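*Asks:* Model the structure of this input:
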Amino acid sequence: MAKAQETVLEIDLKALQHNYEYLRSKIKPETKFLAVVKAYAYGSDSQAIAIHLQDLGVDYFAVAYANEGIHLREAGVTVPILVLHPQKAHFQSLIENNLEPSIYSKSILLEFISTAKDLSVTDYPIHLKFNTGLNRLGFSVEDLPEISKLINKQDAIKVIAILSHLAATEDSNETEFTTLQLKRFDAICNEADITFKDKLLKHVLNTSGIINYPQAQYDMVRSGIGLYGYGNQTDVDSHLIPVVTLKTIIAQKHSIPAGESVGYNRKYSSNSETITATLPLGHADGIGRQYGHGKTFVSVNGQLAPIIGNVCMDMIMIDVTNIECYEGDEVIIFGKELPASEFSKTANTISYELITGLSQRIKRIIKH
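*Replies:* So this is what the prediction gives:
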């Protein structure tokens, strides 16, 4: 791949395949694999990612909202797509594009049944989501008798799957709570098997769950962040490869005399003569102001250079005093050399927030 000539996000499909095959090796051959590709496939390119994973044999996809699923259908994705947070306003388009909703409340269930009847569909597949302790979305086990009566007395929809969401599978200090969640989910599944006549697909594990709780893989597992190269655990990260690399270039260099300031609000002042480089990206691209003030480093010709002063909307200044570099040289913000998990720590956040917050104005380059 040629050196960057502008700010770009490289998306390495070979790394994606490596991560998928590693995670798949951790489950039984018969267990289905659901790839989470919401939020532009964690800030990358959902269509390119999904098509490649479909070619590799992934069984299911998940997105947050219906429009994300429609975007995948337009790209040629044919495998089932689960919509994790369906909205009433999008039920018609969801059905028209053969997307499967995760139904999590009575009001959503009633509205979806009404829409399905209006569209004259029968046995439309839905997943029922149950709350086992994350306390965000989901039915309680006590809701099961009432919702099963609603579902069993009509034929517009049918339940094909039961799911829940675990809160802390990566945290060894929360093993007891995760075990409690799994026990709750198991009880829900047992009750649902009695309530509904069809065999149900059951899924609860996320990336860290695949690694730490393989005994609970049920019929399908779900992986998001792991596919993109981050496992939330150091020993897991060593087996994964970051899929995206954010690159830019040096737009201009400056020699800053001692006592001079750099950037807005003069948040950096040089104690001695300093050489700075200005990079063409900023907080409008997803690299927020919290990464400034010398806390975070980027890579220039293999050497680390701190981000100084306030991050601007479209520009970042770095200290390259002791680095041989020139205008037009490539700069690595994060990627294989500097993982997003390490970059994000300096702002007391996580890789998820960093990579999903990357602006769509950054040019995406697909590496096959």
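
*Asks:* center of the chain, which residue is that?
*Replies:* residue 42 (3.6 Å; C-alpha atoms, centre = their mean).

*Asks:* That one against residue 352, yeah?
*Replies:* Yes: counting by C-beta atoms under 8 Å, residue 42 does reach residue 352; the two are 7.2 Å apart. All C-beta atoms are positioned from the backbone trio N, CA, C, and that covers glycine.

*Asks:* Run a quick neighbour tally on the nearest residue to residue 368 once chain neighbours are set aside.
*Replies:* The shortest distance from residue 368 to any non-neighbouring residue, by C-beta to C-beta, 6 or more residues apart in numbering, is to residue 13 (5.5 Å). Residue 13 has 20 neighbours, counted by other C-beta atoms under 10 Å.

*Asks:* Can you say which helix or strand has residue 348 in it?
*Replies:* According to DSSP states H and E, residue 348 maps onto no helix or strand at all.

*Asks:* number of nearby residues for it?
*Replies:* If we define neighbours as other C-beta under 10 Å, then residue 348 has 8 of them.

*Asks:* quick one: residue 211 is in a helix?
*Replies:* Yes: judged by DSSP: H, G, I helix; E, B strand; the rest coil, residue 211 forms part of a helix.

*Asks:* got the contact list for the nearest residue to it once chain neighbours are set aside?
*Replies:* Leaving aside its chain neighbours, residue 211 sits nearest to residue 236 (5.6 Å; criterion: C-beta to C-beta, 6+ apart). By C-beta atoms under 8 Å, 6 or more residues apart in numbering, the contact set of residue 236 is 208, 211, 226.

*Asks:* May I see the buried residues of the helix or strand encompassing residue 236?
*Replies:* Using DSSP H and E, the element containing residue 236 is helix 234-237. For helix 234-237, a neighbour-count test (16 or more other C-beta atoms under 10 Å) marks 236-237 as buried.

*Asks:* what does stretch 132-139 give?
*Replies:* Neighbour-count burial for stretch 132-139 [16+ other C-beta under 10 Å]: 132-133, 137-139.

*Asks:* same question, stretch 293-312
*Replies:* Buried-residue list, stretch 293-312, by 16+ other C-beta under 10 Å: 293, 296-300, 305-312.

*Asks:* Quick one: which of these has the lowest pLDDT value?
*Replies:* Ranked by pLDDT, the buried residues of stretch 293-312 bottom out at residue 293, which has 92.

*Asks:* how close does the residue nearest to it when sequence neighbours are not counted sit to residue 123?
*Replies:* Spatial nearest neighbour of residue 293, chain neighbours left out: residue 267 (6.5 Å); criterion: C-beta to C-beta, 6+ apart. Computed as C-beta to C-beta, to the nearest Å, the residue 267 to residue 123 distance reads 61 Å.

*Asks:* what about those two, which has more around it?
*Replies:* Using other C-beta under 10 Å, the more surrounded residue of residue 267 and residue 123 is residue 267, with 16 against 11.

*Asks:* on that earlier part again, can you tell me which two in the buried residues of stretch 293-312 are farthest apart?
*Replies:* 299 and 310 (21.2 Å; C-beta to C-beta).

*Asks:* Quick one: mean pLDDT over the helix or strand hosting residue 222.
*Replies:* Assessed by DSSP H and E, residue 222 sits inside strand 220-223. Mean pLDDT, strand 220-223: 98.
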